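Student: just a sequence and a predicted model for now, questions to come.
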Amino acid sequence: GTNATIFQAEIHAIQLCAEEMLNKHFRNSRIYILSDSQAALKAIASYTISSKLVWECQNTLRRVAQSNQVTLLWIPGHEGNEAADRLAERFRVPSPRTRTNLRNH
């Protein structure tokens, strides 16, 4: 199969952060999630969802935001990100060949 894209890895990383906040039972906290992926942040903020992964990430973030103040921030890429990208590359997994189209109404 095909491998997950960098975009999918960025979305997955944001979702993992949100899941960690749920697992640690954060309440009444200010949570900042920083990413250098404008594409991932725009997809998460979009009302039109064309990816199951983005939809799941949005839902997880909404659950965290029910009892916390959650802010997603873009930060410019910087030297050193190459090492993070190489590490992410090691953990790429096959992506499904089908695409799920979901929309918020």
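Tutor: The structure has been received and is ready for your questions.

Student: any low-confidence regions in this protein?
Tutor: Along the chain, segments meeting pLDDT under 70 span 1-3, 79-105.

Student: ok, the closest residue to Gln69 other than its chain neighbours - how many residues close by?
Tutor: Leaving aside its chain neighbours, Gln69 sits nearest to Arg30 (4.8 Å; criterion: C-beta to C-beta, 6 or more residues apart in numbering). (Glycine included, C-beta is placed from N, CA and C.) When neighbours are defined as other C-beta atoms under 10 Å, Arg30 has 9 of them.

Student: Arg30 and Ala13: what is the separation?
Tutor: Distance, Arg30 to Ala13, by C-beta to C-beta, to the nearest Å: 20 Å.

Student: ok, Ser67 next?
Tutor: From Ser67 to Ala13 the distance is 22 Å (C-beta to C-beta).

Student: the two: which has the busier surroundings?
Tutor: In terms of neighbours (other C-beta under 10 Å), Ala13 is the more surrounded of Ser67 and Ala13; the figures are 17 against 14.

Student: helix or strand: which one has the more buried one?
Tutor: Element membership for Ala13, per DSSP states H and E: helix 6-23.

Student: tell me what that helix is packed against?
Tutor: Contact partners of helix 6-23 among helices and strands, from 3 or more C-beta pairs under 8 Å, 6 or more residues apart in numbering; DSSP states H and E: strand 30-35, helix 38-45, helix 52-65, helix 81-90.

Student: quick one on the thing from earlier: contacting residues for the residue nearest to Gln69?
Tutor: Arg30 sits next to Asn68, Gln69, Thr71 when contact means C-beta atoms under 8 Å, 6 or more residues apart in numbering.

Student: cool, and Met21?
Tutor: Counting by C-beta under 8 Å, 6+ apart, Met21 touches Ser29, Ile31, Val64, Asn68.
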